[in-house]
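Asks: sequence unknown, structure follows:
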């Protein structure tokens, strides 16, 4: 059974940093890409970052480029999202996902329960 458990959500001031973690189980990083989505109040869910299966190529939404970094630790079965220079518009529930498309093609199969990130102005 695939499980994705996010942690690290918090209230942070604008300009601050935060790292989200996604503890994964039930699948291999060689078979699935892993991504982060977010949903802000009143807005549609959007993809933020993704790390491909195998080589671990990374992809970012324009809003995340230069500020967010996705990484994974195979030994710990954990995927991270380091977020720097946070802005109030980054406030959202952040979800960890598995993607059946190895190159982060958006074929989302599993979702975590979400972690709330609130950025105060």
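Replies: Nice, I can see it. Predicted model, so just to flag it, every value in this text is computed and none were measured. Numbering: from 1, shown residues only.
Asks: what's the spacing between the residue nearest in space to the middle of the chain and residue 25?
Replies: Central residue of the chain (Cα atoms, centre = their mean): residue 36, 2.4 Å from the mean position. Between residue 36 and residue 25 the computed distance is 17 Å (Cβ to Cβ, to the nearest Å). Any C-beta I mention is one placed from the backbone N, CA and C, and that applies to glycine too.
Asks: So what would you say the end-to-end distance of stretch 54-62 is?
Replies: End-to-end span of stretch 54-62 (Cα to Cα, to the nearest Å): 24 Å.
Asks: ok, and what's touching it?
Replies: Stretch 54-62 has contacts (Cβ atoms under 8 Å, 6 or more residues apart in numbering) with 29-30, 46-52, 68-72, 102-104.
Asks: 6 Å instead, please
Replies: 30, 47, 48, 49, 50, 51, 70, 104 (Cβ atoms under 6 Å, 6 or more residues apart in numbering).
Asks: Just the buried residues from those residues, in PyMOL please.
Replies: In PyMOL, the members of the contacts of stretch 54-62 classed as buried (16 or more other Cβ atoms under 10 Å) are selected with the following command:
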select buried, resi 47+48+49+50+51+70+104
